[in-house]
Every structure is written in structure tokens, then in C-alpha cells.
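Engineer: Give me a 3D structure for the following:
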Amino acid sequence: MNEYQVKAHWDEEAKVWWSESDDIPGLCVEALTFEELENRLSELIPDLLILNHIIEETDHKPIRFCVLAEKYSTATMRAA
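Structural biologist: Down below sits the predicted model:
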């Protein structure tokens with residue numbers, strides 16, 4: 001079974017998660033929560049793999065994907 005890699009990024013200004021993938025051409029989706037992003041990926045990935053002729057529409061094997069998340073935060077020092 002192939003495993004597809006997806007990169008998820010947090011956009012602090014827009015307050016959304018967005019994704020990209022070198023393995024899945026055309027994948028670019030955003031969502032308000034990480035969980036929503038995962039759900040949208042589960043729906044979109046099979047369609048994009050079929051449209052890009054990576055898998056066949058008749059192939060009913062599970063599609064495994066890994067979401068690598070990246071979110072930057074800052075911490076401040078407390079006054080002593």
C-alpha cells in the first residue's frame with residue numbers, strides 16, 4: 001500500500017490550516033480546524049489520485065496518507 005505525504009501549515013493571519021503535497025498533484029485545501037482539514041483531505045485525496053491517473057477508479061484499496069503539521073508559536077518570558 002502506498003502512503004501519500006501531505007504537509008499542513010497554520011496561517012496565523014488567516015486563522016486557517018492549509019495543505020499541500022508533492023505526492024498528490026493539485027492538492028491545496030484549507031480548513032478552520034486540523035480535524036476539519038483531515039476530513040476534507042479524506043474526501044479530496046481519492047478524487048485527485050483518480051484525476052491524476054495515479055490510481056484507478058475501480059481500485060477500492062484503502063488510501064493511506066500522513067499529514068505532517070507545522071505551526072509556529074511564540075513564548076514570552078515572565079518577569080522575575
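Engineer: Now do the buried residues in the longest strand anywhere in the chain.
Structural biologist: Identified as the longest strand of the chain according to DSSP state E is strand 3-11. Neighbour-count burial for strand 3-11 flags 4, 6-9 (criterion: 16 or more other Cβ atoms under 10 Å). Quick note: C-beta positions are derived from backbone N, CA and C, even for glycine.
Engineer: in the protein, which spans are strands?
Structural biologist: Using DSSP E, strands in the chain cover 3-11, 16-20, 30-31, 64-70.
Engineer: Switch those strands over to CSV; also include mean pLDDT and distance to residue 80.
Structural biologist: CSV is the format used below for those (pLDDT from 0 to 100; distance: least, Cβ to Cβ, whole Å):
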stretch, mean pLDDT, distance to residue 80
strand 3-11, 96, 31
strand 16-20, 97, 36
strand 30-31, 98, 41
strand 64-70, 95, 32
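Engineer: coming back round to it: what pairs with the longest strand of the chain, parallel or antiparallel?
Structural biologist: strand 16-20 (antiparallel), strand 64-70 (parallel) (DSSP bridges).
Engineer: so how far is the first one off the chain centroid?
Structural biologist: For strand 16-20, the separation from the chain centroid amounts to 6 Å (computed by Cα atoms, centre = their mean, to the nearest Å).
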